[in-house]
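Engineer: here is a sequence with its predicted model. Questions after.
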Amino acid sequence: MCYNIPMPEPDLSIIMVSYNTCAVLRQSLLTLLASRTTHRFEVWVVDNASADGSADMVAHEFGADERVHLIRSPRNDGYAAGNNLALAELGRRGRAAGQVGEAANIATPFVLLLNPDTIVPPDALQQMLDFMQAHPDVAIGGPKLVRPDGRLDLACRRGFPTPLNSFYKMTGLAAIFKHSKRFAGYNVTYADPDALTEVDSVVGAFMLMRSAAINQVGLLDEAYFMYGEDLDWAYRIKQRGWRVFYNPAVKVIHYKGESSRQRSNAMIVQFYRSMFIFYRKHYAARTFFAVNWLVQAGITARGGFALAQNFFRPADRKRVT
């Protein structure tokens, strides 16, 4: 069910996929809706069959706000599928407005994928949209994501998991030589975290997209249940000649893992499964078979080690990565 679709077309459509994140979702929506911006924006909350009353909370507490729309998914088909439900609605609206002939048909100029466990400062939307409008060749932008204790969320600026990047990451060389551009290419730890940096991808927790790029490549790949779909999207978009930037002038708090922690072992399996999917899809066919075997063996070994580590963690410290 959708609520109060506004007119005219907004400048920004924000999509938040929620699964049993009622408390943090409420907090995130309150701060988001208090944003100070000259741009019209709307928020699509996609509830993936939560059992904690998340959808009812959105309907009762935010349903009167014409900027907020709620989609109740009857089942949890994953993060990519949840986002695609809202993207499909945007595409239907774009076609109704006369935009046809493109992969997604989204008329809203910008789309933001935003996790419900984020706190967006009042000026963040304005600053990120100003940046995108000043750089028309940039298709994807992301801010500096920090944990509540101030630590950088390393996922907010990434290189693609090429065979070499995967090898360095899996063997621990990336952590040992974290200031080396050669070895630390996946998490880009060699770069100044306060410097504007062109990267391969930002993270889906805050991924500001130019709709023109989405219209070229289509929606998220639902083969990924959770994790990897943002990398895959960035890969396809960069193949079309677009650029991706990490913009640390904007800082957003990311609590991280509020949904995945509830089923941490299953999410560990999904995390490493996504690595397999991405590697097979984009690299395996053009990589020597022995290297393929080593990379895939490494992914399996690291996944098994992560599961073993998680088994011995206290319940309140369970995590995915």
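Structural biologist: Thanks, I have it. Residues are numbered from 1 along each chain as shown.
Engineer: low-confidence regions, the chain specifically.
Structural biologist: 1-8, 100-101, 257-264, 303, 305-307, 310-321 (pLDDT under 70).
Engineer: how about 80 then?
Structural biologist: 1-8, 97-103, 170, 256-274, 276, 284-321 (pLDDT under 80).
Engineer: show me which strand runs longest in it.
Structural biologist: Secondary structure of the chain per DSSP state E: the longest strand is strand 243-254.
Engineer: residue closest to the middle of the chain?
Structural biologist: residue 204 (0.7 Å; CA atoms, centre = their mean).
Engineer: pull up the gap between it and residue 112, please.
Structural biologist: 10 Å (CB to CB, to the nearest Å). Just so you know, the C-beta spots here come from the backbone N, C-alpha and C atoms, and that holds for glycine as well.
Engineer: so what sits opposite residue 47 in the bridge?
Structural biologist: Under the criterion DSSP bridges, residue 47 forms beta bridges with residue 18, residue 72.
Engineer: so the residue nearest to the centre of the chain sits against residue 113, correct?
Structural biologist: Yes - contact criterion CB atoms under 8 Å: residue 204 and residue 113 qualify, at 4.9 Å.
Engineer: so for the two, which residues contact both of them?
Structural biologist: 83, 230 (CB atoms under 8 Å, 6 or more residues apart in numbering).
Engineer: between residue 204 and residue 112, what contacts are shared?
Structural biologist: Residues touching both residue 204 and residue 112 by CB under 8 Å, 6+ apart: none at all.
Engineer: would you say residue 43 is within a strand?
Structural biologist: Yes - secondary structure of residue 43 (DSSP: H, G, I helix; E, B strand; the rest coil): part of a strand.
Engineer: pull the longest helix from this protein.
Structural biologist: The helix that spans the most residues within the chain, counting by DSSP state H, is helix 289-311.
Engineer: now do it: which elements does it pack against?
Structural biologist: On a contact count with 3 or more CB pairs under 8 Å, 6 or more residues apart in numbering; DSSP states H and E, helix 289-311 meets helix 163-171, helix 264-282.
Engineer: circling back: buried sites along the longest strand of the chain?
Structural biologist: Residues 244-248, 250-254 are the ones in strand 243-254 that count as buried (16 or more other CB atoms under 10 Å).
Engineer: and for stretch 287-303?
Structural biologist: 287, 292, 294-296, 298-299, 302-303.
Engineer: which strands and helices lie in contact with the helix or strand containing residue 145?
Structural biologist: For residue 145, the host element (DSSP states H and E) is strand 138-146. Applying 3+ CB pairs under 8 Å, 6+ apart, one finds that strand 138-146 contacts helix 124-134, strand 206-210, helix 211-217, helix 229-239, strand 243-254.
Engineer: so which residues make contact with the first one?
Structural biologist: If I follow you right, that is helix 124-134. By CB under 8 Å, 6+ apart, the residues outside helix 124-134 that reach it are 11-12, 35-39, 41, 110, 112, 138, 141, 143, 208, 210, 245, 247, 249-252.
Engineer: weed out the non-buried ones from those.
Structural biologist: By neighbour count, with 16+ other CB under 10 Å, the contacts of helix 124-134 hold 11-12, 35, 37, 39, 41, 110, 112, 138, 141, 143, 208, 210, 245, 247, 250-252 as buried.
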